[in-house]
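Peer 1: Structure for this input, please:
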Amino acid sequence: MELRQLRYFLSVVEHGSMGKAALELGVVTSALSQQISRLESELSTRLLQRTSGGVVPTDAGLAFWRQAQLALRHVDDAANAARSARLSGHVSVGMAPSTASVMGVAFLQAMRERYPDVRLHMVENLSGHLASMLSARQIDLAVLFHEAPAQRWSVQPLLDERLFLIGARDLDGMPASTSVRLKNLGDLPLILPSGTHGLRSLLLAAFRRAGYEPNIAAEIDGLALLMDVVRAGVGATIQPGAALARPENAILTSVPVAEKYAMRPNMLASVSDDELSPAGLAARVVLADVARQLVREHRWPGAQLRAPGTSQIVKTP
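Peer 2: Numbering: from 1, shown residues only. Predicted structure coming up:
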């Protein structure tokens, strides 16, 4: 027995005519009649009686009609439930301030568009703190700048960020070249994060490799305040291009750091796949999609994509 046979039978009873039912259903009368005959054969009973005025159900047909209506209603309800069912749940995502400034809004909008029933909790904090929160299962996934090998995480390379020397246009010592080497910064006053910050560790390693002793004028761990001080002309800073994403920083001059090793890796880390909820799995896919889209649309300054599962950098045109 097929669902279409039930629908055909109900339509014939409703219209009291094979011809009218066939017209509504968009089939030829002979095909409709053939399906009704097959249904009657399967049930081994006559369901319809032909009269001079049309078609009426037999007693068996009337009993079958009542149950067929109920059966199709349940089928339609099941189909509607499947179509309307949407992924729901809760997921918490951590981003460093610079990452949040370039992709926070875009990620939130993409999640609301794709999974409107998922409740999103976004946490903005330093990368090291996010790693601790991930280890403590206080968040589900995060964009991190270093990997903790001992942790049972799921980690995939996302992109690499080139570093920029950023400062006010009229700041003494700001280079006018298209790029700058660390060893050529001279006595330029630098505003940098403190030693607990992941970027500071990366920069200290780069300074040592370049044989350069930086002139650190101040240490500020909050990105918003740090950039306020840079805009005030107190000194320059070295940051990834994401630090320039906010409109108020458009007035600043940025010069790419020439050293190829002065890059900040971005990794998408989450609790292990067997712990991650369906909402978390969906959020991880969306976050990676948004990051790739921002890079390909040149909306993430200095970022280069990595091929999934490799360390190879994929350069966008």
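Peer 1: Show me the shaky parts of the protein.
Peer 2: Residue ranges of the chain with pLDDT under 70: 77, 80-85, 147-151, 307-317.
Peer 1: where along it do the strands fall?
Peer 2: Assigned by DSSP state E, the chain shows strands spanning 48-51, 54-57, 89-95, 118-124, 141-144, 153-167, 189-192, 215-219, 237-240, 253-256, 263-271, 303-306, 313-314.
Peer 1: among those, which is the most enclosed?
Peer 2: Highest mean neighbour count among those (mean count of other Cβ atoms under 10 Å): strand 237-240, with a mean of 27. Heads up, the C-betas are built off the backbone N, CA and C, glycines and all.
Peer 1: for this protein, longest helix please?
Peer 2: If you go by DSSP state H, the chain has its longest helix at helix 59-84.
Peer 1: which other helices and strands contact it?
Peer 2: helix 3-15 (3 or more Cβ pairs under 8 Å, 6 or more residues apart in numbering; DSSP states H and E).
Peer 1: which other helices and strands contact the helix it packs on?
Peer 2: helix 18-25, helix 29-43, strand 48-51, strand 54-57, helix 59-84.
Peer 1: For those, give me CSV that also has distance to D187.
Peer 2: Below are the helices and strands packed on helix 3-15 laid out as CSV (distance: least, Cβ to Cβ, whole Å):
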stretch, distance to D187
helix 18-25, 86
helix 29-43, 90
strand 48-51, 99
strand 54-57, 98
helix 59-84, 65
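Peer 1: Any idea which of those gets closest to N266?
Peer 2: Nearest to N266, of all the helices and strands packed on helix 3-15, is helix 59-84, at 36.6 Å by Cβ to Cβ.
Peer 1: what's the closest of the strands of the chain to K20?
Peer 2: Comparing the strands of the chain under Cβ to Cβ, the one sitting nearest is strand 54-57, at 8.4 Å.
Peer 1: the residue most distant from the middle of this structure, which is it?
Peer 2: S52 (64.4 Å; Cα atoms, centre = their mean).
Peer 1: contacting residues for that residue?
Peer 2: Residues counted as contacts of S52 (Cβ atoms under 8 Å, 6 or more residues apart in numbering): none.
Peer 1: Next, it: phi, psi?
Peer 2: Torsion angles at S52 (phi, psi; degrees, to the nearest 10) stand at phi -60, psi -20.
Peer 1: do you know how far the nearest residue to T237 once chain neighbours are set aside is from L225?
Peer 2: Distances taken as Cβ to Cβ, 6 or more residues apart in numbering put I191 closest to T237, at 4.7 Å, once the chain neighbours are dropped. As judged by Cβ to Cβ, to the nearest Å, I191 and L225 stand 10 Å apart.
Peer 1: for D172, same thing?
Peer 2: Counting by Cβ to Cβ, the gap from D172 to L225 is 22 Å.
Peer 1: now swap in V27 and tell me
Peer 2: For V27, the distance to L225 - Cβ to Cβ - is 72 Å.
Peer 1: Those two: who's more crowded?
Peer 2: More crowded of V27 and L225, by other Cβ atoms under 10 Å: V27, with 17 against 11.
Peer 1: Tell me who's in contact with the residue nearest to the more buried one when sequence neighbours are not counted.
Peer 2: Leaving aside its chain neighbours, V27 sits nearest to Y8 (7.9 Å; criterion: Cβ to Cβ, 6+ apart). Applying Cβ under 8 Å, 6+ apart, we find Y8 in contact with A21, L25, V27, L32, Q35, I36, L39.
Peer 1: Before I go, just wanted to say thanks for your time.
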